[in-house]
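>>> Can you look at this prediction? I've put the sequence above it.
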Amino acid sequence: MRDAALGEGDTTESIEPGMGEVFVRSAVKRRVVLSGHGDAARAEYVFCKQRGCSVPFSDCHACRHVVSFPETEGDARTVVCQLASPKGADLAERTVLAERTFACVEGDTPFAALQSLFVDEAVTGVPVVDEAGRPVGMLERSDFLRGCASERRRDGRAELVARDLMRPVPYTLREDAPLATVVGLLTNPEIEHVPIVSSNGKITGLFSACDALRWLAQETGYPVAR
């Protein structure tokens with residue numbers, strides 16, 4: 001979706017950073033929430049290093065810190081901002097590592113929709129959220145397969161919904177949590193994904209073991225596949 005005034009690929013006047021100023025690049029994230037009625041609610045947002053929280057992507061077009069909206073391949077949009085604090089660069093490096101688009105489901109999402117996600121879309125895990133977008137559970141692909149194979153559920157798969165198969169969310173992390181913290185959590189074999197939440201508890205990202213490996217490859221100089 002392009003903004004009529006300042007769309008993807010348009011730029012503001014280039015600004016040279018002064019003493020203590022840095023340019024930071026942030027990924028535009030897309031959240032898709034599936035409901036039990038088959039509706040899909042979509043939202044685009046960016047982690048704002050100036051505010052320290054996620055904001056709607058539309059807010060960036062009027063922000064004085066935004067320098068450009070660089071053109072990128074496919075739908076991987078980014079925003080470049082100029083900040084006075086070098087701390088913003090560290091946050092940018094962390095937020096760009098997680099998947100740009102991730103799916104969530106509500107508790108009453110039916111089995112058929114879950115099957116489409118895990119089989120057709122090759123999704124490996126989805127947070128289960130309440131009506132406010134706060135995570136209440138985590139449904140991994142292994143949980144889905146385990147539920148399918150259960151003898152007592154085999155004849156009633158069509159009646160299963162997400163809350164029947166999910167596990168409680170053991171951990172969530174704030175958007176400004178150190179990268180080392182989330183990587184440390186993922187060393188637990190019981191944890192495959194860690195939901196990332198804003199200050200109001202709403203989910204804004206999903207960090208996986210694959211994301212951690214991508215970071216390790218980047219740190220050691222290997223090209224990072226998206």
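Looks like it arrived, so ask away. Computed from a predicted structure; not experimentally measured.
>>> who does the longest strand seen in the chain pair up with?
In the chain, taking DSSP state E as the definition, the longest strand is strand 22-34. Partners of strand 22-34 in the sheet, by DSSP bridges, are strand 40-48 (antiparallel), strand 78-83 (antiparallel), strand 101-106 (parallel).
>>> Could you report the pLDDT at the closest residue in space to Gly205 that isn't next to it in sequence?
Nearest residue to Gly205 in three dimensions, chain neighbours excluded: Ile196, at 3.6 Å (CB to CB, 6 or more residues apart in numbering). In short, each C-beta sits where N, CA and C put it, glycine included. With respect to pLDDT, Ile196 has a value of 89.
>>> so Val169 makes contact with Pro127?
Yes: at 7.3 Å, Val169 counts as touching Pro127 under the criterion of CB atoms under 8 Å.
>>> shared neighbours of those two, which are they?
Jointly contacting Val169 and Pro127 under the rule CB atoms under 8 Å, 6 or more residues apart in numbering are 135, 137-138, 195.
>>> show me where this structure has strands.
22-34, 40-48, 53-56, 66-68, 78-83, 101-106, 125-129, 135-140, 173-174, 193-197, 203-208.
>>> avg pLDDT for the fifth one?
Translated: strand 78-83. Here the average pLDDT along strand 78-83 is 78.
>>> cool, and the second one?
Predicted confidence along strand 40-48 averages 81 (mean pLDDT).
>>> buried residues in it?
Residues of strand 40-48 classed as buried by neighbour count (16 or more other CB atoms under 10 Å): 44-48.
>>> before we move on, what about the longest one?
Using 16+ other CB under 10 Å as the test for burial, strand 22-34 gives 22-31, 33-34.
>>> Can I get the residues you listed in a markdown table including pLDDT and distance to Arg157?
Shown next, in a markdown table, are those (pLDDT from 0 to 100; distance: CB to CB, whole Å):
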| residue | pLDDT | distance to Arg157 |
| --- | --- | --- |
| Val22 | 68 | 52 |
| Phe23 | 68 | 51 |
| Val24 | 72 | 47 |
| Arg25 | 73 | 44 |
| Ser26 | 76 | 41 |
| Ala27 | 79 | 36 |
| Val28 | 81 | 36 |
| Lys29 | 81 | 32 |
| Arg30 | 81 | 30 |
| Arg31 | 81 | 27 |
| Val33 | 82 | 23 |
| Leu34 | 80 | 18 |
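>>> Let me have the strands paired with strand 22-34 in CSV, extended by distance to Pro189.
Below are the strands paired with strand 22-34 laid out as CSV (distance: least, CB to CB, whole Å):
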stretch, distance to Pro189
strand 40-48, 29
strand 78-83, 34
strand 101-106, 22
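>>> what's around Asp120, how many residues?
8 (other CB atoms under 10 Å).
>>> same deal with Asn200?
11.
>>> Report the angle between the longest strand of the chain and strand 125-129.
80 degrees (axes from the mean of the first three to the mean of the last three CA atoms, to 10 degrees).
>>> Export strand 22-34 to CSV, keeping only CA atoms.
C-alpha atoms of strand 22-34 as CSV (Å, rounded to 0.1, in the frame of the first residue of the first chain):
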residue,chain,number,x,y,z
VAL,A,22,23.3,8.2,13.6
PHE,A,23,21.1,6.9,10.7
VAL,A,24,19.1,3.8,11.7
ARG,A,25,17.1,1.5,9.5
SER,A,26,13.9,-0.2,10.8
ALA,A,27,11.9,-2.9,9.2
VAL,A,28,8.2,-2.4,8.5
LYS,A,29,6.4,-5.3,10.3
ARG,A,30,3.1,-6.9,9.3
ARG,A,31,0.8,-8.7,11.7
VAL,A,32,-2.0,-10.8,10.4
VAL,A,33,-4.5,-12.1,13.0
LEU,A,34,-6.9,-14.9,12.0
